[in-house]
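*Asks:* Test case, fold it:
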Amino acid sequence: VLVSGPPGAGKSTLALRAVGSMRGPVLVLLAEERLGPAVGARLQRVGVRRDDVHLLDRGSVDALVAAGREHRARVVLIDSVTASQMLAHDLRALIGVLRLDALFATAQVTKNGDMRGPRTLEHEADVVVAIERIDEQRGRWLVTKSRFGPVGTEGETSYV
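*Replies:* Below is the predicted model:
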């Protein structure tokens with residue numbers, strides 16, 4: 001699942017809520033920020049209060065594989081794949097090696113609405129969700145690609 005949108009649109013919030021609702025152990029790679037109180041506060045705010053959510057800040061594919069094996073991860077979130085500089089073949093390798101149930105990745109888009117980085121991430125994803133900020137408290141998301149059903153499903157998310 002690829003969650004795309006401009007900076008500040010709520011990509012991380014939406015993705016954290018999604019992986020927080022999945023069975024698991026969950027492994028989250030924070031490629032844009034360091035572990036610290038702000039990350040803990042965000043997890044609390046979005047309702048992720050589980051002992052089986054493991055966080056890494058900055059990491060290579062090898063580091064993700066090692067951590068995924070150590071924690072027996074079933075779900076991985078890479079926030080953001082743009083900052084991590086991982087490519088589509090890296091993500092396919094993670095899914096295969098760790099035998100993941102799901103892999104989520106966030107990706108920023110430019111002012112023109114084009115995804116930063118290679119378009120192969122969009123092509124390879126089974127589901128692409130585009131998100132935009134409505135106001136300080138709400139965002140709107142739209143499924144723009146799905147191999148599992150019709151596109152066009154949409155909804156709102158809250159930032160508080």
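
*Asks:* so residue 30 makes contact with residue 77?
*Replies:* No: between residue 30 and residue 77 there is no contact under CB atoms under 8 Å: 9.1 Å. The C-beta positions use only the backbone N, C-alpha and C, and glycine is treated the same way.

*Asks:* Mind checking which of these two has more residues around it?
*Replies:* residue 77 (28 against 21; other CB atoms under 10 Å).

*Asks:* Residue 27 is in contact with the more buried one, correct?
*Replies:* Yes: between residue 77 and residue 27 a contact is recorded at 7.5 Å, counting by CB under 8 Å.

*Asks:* Extract the C-alpha trace of stretch 92-104 and format it as CSV.
*Replies:* Only the C-alpha atoms of stretch 92-104 are listed here, as CSV (Å, rounded to 0.1, in the frame of the first residue of the first chain):
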residue,chain,number,x,y,z
ARG,A,92,9.6,-6.7,-3.2
ALA,A,93,12.6,-8.3,-1.5
LEU,A,94,11.3,-7.2,2.0
ILE,A,95,7.9,-8.7,1.3
GLY,A,96,9.4,-12.0,0.1
VAL,A,97,12.2,-12.4,2.6
LEU,A,98,10.1,-11.5,5.6
ARG,A,99,6.9,-13.1,4.2
LEU,A,100,4.9,-10.0,5.2
ASP,A,101,1.2,-9.8,5.3
ALA,A,102,1.4,-6.2,4.3
LEU,A,103,3.9,-3.5,3.5
PHE,A,104,2.9,0.2,3.7
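
*Asks:* Next one, pLDDT for the residue nearest to residue 52 when sequence neighbours are not counted please.
*Replies:* In space, and not counting its chain neighbours, residue 52 is closest to residue 25: 4.2 Å by CB to CB, 6 or more residues apart in numbering. Looking at residue 25, its pLDDT stands at 96.

*Asks:* Residue 25 and residue 77, how far apart?
*Replies:* 12 Å (CB to CB, to the nearest Å).

*Asks:* ditto for residue 88
*Replies:* Separation of residue 88 from residue 77 (CB to CB): 17 Å.

*Asks:* rewinding a little: neighbours around the residue nearest to residue 52, how many?
*Replies:* Residue 25, neighbours per other CB under 10 Å, totals 17.
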